[in-house]
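Trainee: sequence first, predicted model second:
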Amino acid sequence: MERAESSSTEPAKAIKPIDRKSVHQICSGQVVLSLSTAVKELVENSLDAGATNIDLKLKDYGVDLIEVSDNGCGVEEENFEGLTLKHHTSKIQEFADLTQVETFGFRGEALSSLCALSDVTISTCHASAKVGTRLMFDHNGKIIQKTPYPRPRGTTVSVQQLFSTLPVRHKEFQRNIKKEYAKMVQVLHAYCIISAGIRVSCTNQLGQGKRQPVVCTGGSPSIKENIGSVFGQKQLQSLIPFVQLPPSDSVCEEYGLSCSDALHNLF
């Protein structure tokens, strides 16, 4: 009883605003939650850029380095400043545009969040540029170094020391890296399978050892062939073809559907 009375007499803590740097780090940690989230966001950026070749390189399962390179459209110089700023995107301009989004990303948060949580370097070359550019960013997404960098058309995003700005999160990330890595591979497999006509490869390097292949697709336009590339050709034997057919008149009548609307309503 005495303890309850003493606690009730304590002065209430004042409500104060959190400083902007801390807000950015906290919110970024809700966008990029794991290794698989980071890889997912980078791969989707490459797909949105129209890439037909995506190369993912990891070092120590992604603890030291996550690097995604593509042969997409690249970034024009006029867009360098907004590339890693929060809610800066070329996908939409206002809320109404959401009804016409045809890309994976549209919020403009991924690269900004990665900058807040790690050391980010981007090299890119647009078709209109004579030479590529290498950009280094601080944790606020501001460019701190800009240098010419010869490279073919496309973009490479290097993420070093993911979660290093959040010490406890970083330690937990390192401790559970094998589980994080396994989840990331599952996510990557999904993109390898659905990305018809796009070559996707991933390698991992432990310490100073050789790069070991994780997965590689040949850029086949067939999802079936992509499944074979990911899980092995033997797995193709267990696949069952599914042929979509319009329902018969009797089935449409049973469910109260018109024949013209049957496919739309049922499938």
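Mentor: Ah, there it is.
Trainee: what's the pLDDT at the residue nearest the centre of the chain?
Mentor: Relative to the mean C-alpha position of the chain, the nearest C-alpha, by C-alpha atoms, centre = their mean, is the one of Glu41, at 1.2 Å. According to the model's per-residue confidence, Glu41 sits at a pLDDT of 92.
Trainee: list the contacts for it?
Mentor: Remark: with contacts taken as C-beta atoms under 8 Å, 6 or more residues apart in numbering, Glu41 is in contact with Val32, Gly105, Ala110, Leu111, Leu114. All C-beta spots, glycine's among them, are computed from the backbone N, C-alpha and C.
Trainee: do you know how far Pro247 is from Ile240?
Mentor: Spatial separation of Pro247 from Ile240 under the definition C-beta to C-beta, to the nearest Å is 20 Å.
Trainee: of those two, who's got more company?
Mentor: Here Pro247 and Ile240 are set side by side on neighbour count (other C-beta atoms under 10 Å), and the busier one is Pro247, at 17 against 4.
Trainee: a helix runs through Glu78, doesn't it?
Mentor: Yes: secondary structure of Glu78, determined by DSSP: H, G, I helix; E, B strand; the rest coil: located in a helix.
Trainee: how many other residues sit next to it?
Mentor: Glu78 sits with 8 neighbouring residues when counted by other C-beta under 10 Å.
Trainee: give me the sheet partners of the strand or helix carrying Thr121 and which way each runs.
Mentor: Remark: Thr121 resides in strand 119-125, with elements defined by DSSP states H and E. Each strand pairing with strand 119-125, determined using DSSP bridges, is listed with its direction: strand 133-137 (antiparallel), strand 154-160 (antiparallel).
Trainee: go through the next helix or strand after the last one and flag the buried ones.
Mentor: Which is strand 154-160. Once strand 154-160 ends, the next helix or strand along the chain (criterion: DSSP H and E) is helix 167-175. Counting neighbours by 16 or more other C-beta atoms under 10 Å, one finds that the buried residues in helix 167-175 are Arg169, His170, Phe173.
Trainee: tell me which other helices or strands helix 167-175 touches.
Mentor: Under the contact criterion of 3 or more C-beta pairs under 8 Å, 6 or more residues apart in numbering; DSSP states H and E, the helices and strands touching helix 167-175 comprise an empty set.
Trainee: give me the contact list for the strand holding Thr121.
Mentor: If you take C-beta under 8 Å, 6+ apart as the criterion, strand 119-125 is touched by 74-75, 83-84, 111, 114, 131-137, 149, 151-161, 164.
Trainee: mind redoing it with 7 Å?
Mentor: By C-beta atoms under 7 Å, 6 or more residues apart in numbering, the list of residues contacting strand 119-125 from outside reads 74-75, 83-84, 114, 132-137, 149, 151-161.
Trainee: tell me the buried residues within these.
Mentor: Once neighbours are counted (16+ other C-beta under 10 Å), the buried part of those comes down to 74-75, 83-84, 114, 132-137, 149, 151, 153-159.
Trainee: could I get the CA-only coordinates of stretch 129-148 as PDB?
Mentor: As requested, the backbone C-alpha atoms of stretch 129-148 are provided in PDB (Å, rounded to 0.1, in the frame of the first residue of the first chain):
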ATOM      1  CA  ALA A 129      25.600   9.900 -69.500                       C
ATOM      2  CA  LYS A 130      29.000   9.800 -71.000                       C
ATOM      3  CA  VAL A 131      30.500   8.200 -67.900                       C
ATOM      4  CA  GLY A 132      29.100   6.600 -64.700                       C
ATOM      5  CA  THR A 133      29.100   8.200 -61.200                       C
ATOM      6  CA  ARG A 134      29.900   6.800 -57.800                       C
ATOM      7  CA  LEU A 135      28.000   8.300 -54.900                       C
ATOM      8  CA  MET A 136      28.600   7.900 -51.200                       C
ATOM      9  CA  PHE A 137      25.900   8.900 -48.700                       C
ATOM     10  CA  ASP A 138      25.700   9.800 -45.000                       C
ATOM     11  CA  HIS A 139      23.100   8.300 -42.600                       C
ATOM     12  CA  ASN A 140      20.700  11.100 -43.500                       C
ATOM     13  CA  GLY A 141      20.700  10.200 -47.200                       C
ATOM     14  CA  LYS A 142      22.800  13.200 -48.200                       C
ATOM     15  CA  ILE A 143      25.600  12.900 -50.800                       C
ATOM     16  CA  ILE A 144      29.000  13.200 -49.100                       C
ATOM     17  CA  GLN A 145      31.200  12.200 -52.100                       C
ATOM     18  CA  LYS A 146      30.600  12.200 -55.800                       C
ATOM     19  CA  THR A 147      33.200  11.000 -58.300                       C
ATOM     20  CA  PRO A 148      33.200   9.800 -62.000                       C
END
